[in-house]
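*Asks:* Sequence first, predicted coordinates after that:
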Amino acid sequence: MFGYIIRRILIMIPTLIAISIVIFTIINLPPGDYFSTYIAELQSQGEAADLVKIQFLMQQYGFDRPLWEQYLYWVGGLLQGDMGYSFAYNLPVTQVVGDRLFLTFVVSFMTIVFTYVVAFPIGVYSATHQYHWSDHLLTLFGFLGLATPSFLLALVLLYFANVYLGISIGGLMDPQYVDQPWTLPKILSVWEHLWIPVIVIGTAGTAGMIRRLRANLLDELQKQYVVTARAKGLHPLRLLLKYPLRMALNPFISDIGSLLPHVISGAVIVSVVMSLPTTGPMLLEALRSQDMYLAGSFLLFMAFMTVIGVFLSDLALAALDPRIRMQTGRTR
Amino acid sequence: MSDLTFAPGGSPRDPANDVPRAAPEPLAHYISRAPFDPYAVEGMTPAQERFYRASQWRMVWWKLCRHRIAVLSGAILLAMYVALPFCEFLAPYDLDTRNTDFIYAPPQRVHVFFDGHLVAPYVLGFDYRLDMNRLARVYTPNPSKRQTLRFFCRGDEYALWGLFPGSLHFACPAQAGQLFLLGTDRLGRDLLSRIIYGARVSLTVGLIGVAVSFTLGIVIGGIAGYYGGWTDILIQRVMEVIQSFPHLPLWMALSAVLPVTWSPLLVYFGITLILGMIEWIHLARAVRSKLLALREEDFCTAAVLMGARPARIIGRHLLPSFMSHLIASATLVIPSMILGETALSFLGLGLRPPMTSWGVLLNEAQNINVVALYPWLMFPVVSVVITVLAFNFLGDGLRDAADPYH
């Protein structure tokens, strides 16, 4: 197991390096940089730019150097906890971001918990009652959940939550707690607001998960060892729990690799609609204004979360299934 | 015992009661006059023959036909795509016709009964009042303003495919009347017409994007699967890196890179390219895993021994054997592209007006007030959901049918 973890971490490092290179390339793709646009803008308005400060920033972040040096500066800074400088806000990125990274993590984590808690029983039920009318109904709901754009669901749920339940529109907490230190009432308020985004973001993933679990379990249920166990007179519930379900669980756990990017993607658009204080709206803003360090750190954070999530799911898988521990590769 | 004789099928005769019988009539022989056919047992009726000799594609088709919902979805999609070139004719209004007197007008209902009699379809004209208390426009249908619809009529001028001037529409409002079956937006533009025009972009984004990712997926997946070894490992790492990006933020970043100065058409192609550039991974994975298994087959070795080059082996011998699987997975990729375009345009990072897609239309329905006050602005979502559902069902059916020998 220990050897496996080491191997797995060694694989992760080049992946992370490649990801950071890709992100750096993307945020440098637009012609010009923030400073040239900024200076041009100020000059067109007839104002003298604060050239000294701009000079300082340009030097600090190596804008006068070749690209690969800029990249090294950026990554080096990241490793020391310096996420760069947000030019639009005139603040270090770390200060601009504030709680957002943490809240993004909370929302994503809760969404995944929601997905698992909902998808697991429904998937098992749907597989054991194949072609029953309830299975058809659940399948239809699953497809609908996959096909409905999450922002629509967000708008509709927001509307009903506001009209019938009186929860304040948008945000992750009641307005009086914004920018306040974390206290118990604030945490409770976040908890109260959390369920709408979690349901909205989780729906598509849950639907997909139900379908996959159902398919996996159906494959297992047809195998001979199930027939044998049934012929022996094993109790149906015990039979289900002891053999086929355990086999069908593997893809269920490794699925987190495909689930996480979905959850984070969904979180971006939903948080824009619901104006959640997560990374989504700020990323959109940063991309629009070419605030490259801000956008870059958000993108990197999201990709990083995915990679770590996949890593953890691989570990869980290896703990569950000795066959995987013995190989280097992954089962997906 | 030795004098006991056995007649075939009869009981042993008792010699004491032996009574000689008359010689039995010779059995009537049946002689078939037909020429002898040693393969008669293996022969098949024409119906069987048709079944056993059917090509793979025909069997895929038969198997698909058993999946009713998939066939229905296919029919709906076919109707949608066939209608695309004739948007100008099908839409009651032009894309940009502004009815300034009917801003945010609610959907009108089509009535076919009047006083309990079946009459030609008609809609009710609006009475308009500005509610100063709520500062809202109030439209009430007025039963006395009956406006009978016209069919195959002259309406807004248009240029079909930008080439042929025309003004023929399938349905038009009565003279000096209105026809807003799905209501109007903030400029008084008919939403139904805009949805019909928007289908052009929204439905083709998926097709072009899937063509891009299909090509990329086959070429890259083919190289990885056929050569194996280091090439395979390298390509797999690259795919893993791309896959660990959440799609939407990556799409957002890439489409933010598209220059603002580009024409709408260029932006459109840029967006489809971006969508296709990321989604190819699913297809590449499918191609790779199939190729890894298939390249060990005898027919592949035979082709290699006869001196065929890799491109020919992959294209001529390997790909056709799982083309049906590929098409099925491609069908399942299209909906995610349509949803991707919708999401991007909804956020304002994708297509921009004057280009009209369903996502662009939904851009106006971004805040909660709209949902509360003008819920009909959400109608484009219905078309998105129907399209995506139909593609999902069709893809599901195709995937089941892709391997007809099981």
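*Replies:* Arrived safely.
*Asks:* tell me which element the closest residue in space to residue B:54 that isn't next to it in sequence falls in.
*Replies:* Distances taken as CB to CB, 6 or more residues apart in numbering or on different chains place residue B:62 nearest to residue B:54, at 7.4 Å, with adjacent residues excluded. For glycine as for every other residue, the C-beta is placed from the backbone atoms N, C-alpha and C. Per DSSP states H and E: residue B:62 is located in helix B:56-65.
*Asks:* next structured bit after that helix?
*Replies:* Helix B:56-65 is succeeded, C-terminally, by helix B:68-83 (DSSP H and E).
*Asks:* so for that next one, what's the average pLDDT?
*Replies:* Regarding helix B:68-83, the rounded mean pLDDT is 89.
*Asks:* now swap in stretch B:117-137 and tell me
*Replies:* 77.
*Asks:* three-state assignment of residue A:240?
*Replies:* Recorded secondary structure, residue A:240: helix (DSSP: H, G, I helix; E, B strand; the rest coil).
*Asks:* Look at the closest residue to chain B within the stretch 1-150 of chain A and report its pLDDT.
*Replies:* Nearest residue of the stretch 1-150 of chain A to chain B, counting by CB to the nearest CB: residue A:147, 4.0 Å away. We note a pLDDT of 78 for residue A:147 in this prediction.
*Asks:* ok, it touching residue B:338?
*Replies:* No. Proximity of residue A:147 to residue B:338 does not meet the contact threshold set by CB atoms under 8 Å, at 9.7 Å.
*Asks:* Settle it for me: which of these two has more neighbours?
*Replies:* residue B:338 (26 against 22; other CB atoms under 10 Å in any protein chain shown).
*Asks:* model confidence over whichever strand or helix holds the more buried one, on average?
*Replies:* According to DSSP H and E, residue B:338 maps onto helix B:323-347. Rounded to a whole number, the mean pLDDT of helix B:323-347 is 83.
*Asks:* Show me the shaky parts of the chain.
*Replies:* Because you didn't say which chain, this covers chain A. A:31-38, A:41-42, A:45-50, A:57, A:60-64, A:165-172, A:174-181, A:323-332 (pLDDT under 70).
*Asks:* wait, chain B
*Replies:* B:1-23, B:404-406.
*Asks:* How about the residues of it by chain A?
*Replies:* B:237-238, B:240-250, B:252-254, B:256-257, B:259, B:335, B:339, B:342-343, B:346-347, B:349, B:362, B:365-366, B:368, B:371-372, B:378, B:381, B:384-385, B:388-389, B:392-393 (CB under 8 Å from any CB of the partner chain).
*Asks:* Return the residues in contact with the residue of the stretch 1-150 of chain B found nearest chain A.
*Replies:* Residue of the stretch 1-150 of chain B nearest chain A, by CB to the nearest CB: residue B:69 (9.6 Å). Neighbour list for residue B:69: B:393, B:397 [criterion: CB atoms under 8 Å, 6 or more residues apart in numbering or on different chains].
*Asks:* same thing but 10 Å
*Replies:* Residue B:69 is in contact with A:140, A:143, B:389-390, B:392-394, B:396-397, counting by CB atoms under 10 Å, 6 or more residues apart in numbering or on different chains.
*Asks:* correct me, but the residue nearest to residue B:54 touches residue B:71?
*Replies:* No. With contact defined as CB atoms under 10 Å, residue B:62 does not reach residue B:71; the gap is 11.3 Å.
*Asks:* Now for the residue nearest to residue B:65 when sequence neighbours are not counted: which residues touch it?
*Replies:* Closest residue in space to residue B:65, ignoring its immediate chain neighbours: residue B:71 at 6.0 Å, by CB to CB, 6+ apart. Listed by CB under 10 Å, 6+ apart, the contact partners of residue B:71 are B:64-65, B:393-394, B:397.
*Asks:* ok, how many other residues are close to residue 133?
*Replies:* This is for chain A. Residue A:133, neighbours per other CB under 10 Å, totals 8.
*Asks:* right idea, wrong chain: chain B
*Replies:* For residue B:133, the number of neighbouring residues by other CB under 10 Å comes to 5.
*Asks:* same question, the one 3 residues further on
*Replies:* Burial measure for residue B:136: 12 neighbouring residues, criterion other CB under 10 Å.
*Asks:* contacting residues around it?
*Replies:* Counting by CB under 10 Å, 6+ apart, residue B:136 has contacts B:104, B:129-130, B:373-374.
*Asks:* what two of the residues you listed are the furthest from one another?
*Replies:* Within those, B:129 and B:374 form the most distant pair, 16.5 Å apart (CB to CB).
*Asks:* quick one: which of those two has more around it?
*Replies:* residue B:374 (21 against 11).
*Asks:* which stretch of helix or strand covers the nearest residue to the residue of the stretch 1-150 of chain A closest to chain B once chain neighbours are set aside?
*Replies:* Nearest residue to residue A:147, sequence neighbours excluded (CB to CB, 6+ apart): residue B:388, at 4.0 Å. Element membership for residue B:388, per DSSP H and E: helix B:379-401.
*Asks:* For that helix, which helices and strands make contact with it?
*Replies:* Here helix B:379-401 touches helix A:133-147, helix A:150-165, helix B:56-65, helix B:68-83, helix B:191-227, helix B:323-347, helix B:358-362, going by 3 or more CB pairs under 10 Å, 6 or more residues apart in numbering or on different chains; DSSP states H and E.
*Asks:* wait, does the second one contact chain B?
*Replies:* Yes. Using CB under 10 Å from any CB of the partner chain, helix A:150-165 comes into contact with chain B via A:150-156, A:158-160, A:162-163.
*Asks:* of those residues, buried ones?
*Replies:* A:150-156, A:158-159, A:162 (16 or more other CB atoms under 10 Å in any protein chain shown).
*Asks:* Any chance of JSON lines for those, columns distance to residue A:242?
*Replies:* As requested, these are exported to JSON lines (distance: CB to CB, whole Å):
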{"residue": "A:150", "distance to residue A:242": "37"}
{"residue": "A:151", "distance to residue A:242": "43"}
{"residue": "A:152", "distance to residue A:242": "42"}
{"residue": "A:153", "distance to residue A:242": "38"}
{"residue": "A:154", "distance to residue A:242": "41"}
{"residue": "A:155", "distance to residue A:242": "45"}
{"residue": "A:156", "distance to residue A:242": "42"}
{"residue": "A:158", "distance to residue A:242": "44"}
{"residue": "A:159", "distance to residue A:242": "46"}
{"residue": "A:162", "distance to residue A:242": "47"}
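*Asks:* what's the closest of these to residue A:259?
*Replies:* residue A:150 (14.1 Å).
*Asks:* Could you double-check that that closest one sits in contact with residue A:198?
*Replies:* No. Applying CB under 10 Å, one finds residue A:150 not in contact with residue A:198, separated by 11.6 Å.
*Asks:* Out of the helices and strands packed on helix B:379-401, flag the one nearest residue B:99.
*Replies:* helix B:191-227 (10.9 Å).
*Asks:* Now do the closest one against helix B:323-347, angle only.
*Replies:* Here helix B:191-227 runs at an angle of 130 degrees relative to helix B:323-347 (axes from the mean of the first three to the mean of the last three CA atoms, to 10 degrees).
*Asks:* Of all the residues in helix B:191-227, which ones are buried?
*Replies:* For helix B:191-227, by 16+ other CB under 10 Å, it's B:191-206, B:208-210, B:212-214, B:216-218, B:220-226.
*Asks:* What about residue 73, how many residues nearby?
*Replies:* Looking at chain A here, since you left the chain open. Residue A:73 has 17 nearby residues by other CB under 10 Å.
*Asks:* could you do chain B instead?
*Replies:* Residue B:73 - counted by other CB under 10 Å - has 23 other residues nearby.
*Asks:* which SS state does residue A:319 fall under?
*Replies:* helix.
*Asks:* residue contacts, residue 139?
*Replies:* Just going to use chain A. Counting by CB under 10 Å, 6+ apart, residue A:139 has contacts A:126, A:130-131, A:207, A:210-211, A:214, B:396.
*Asks:* Please refer instead to chain B.
*Replies:* B:102-106, B:108, B:125-129, B:180, B:183-184 are the contacts of residue B:139 under CB under 10 Å, 6+ apart.
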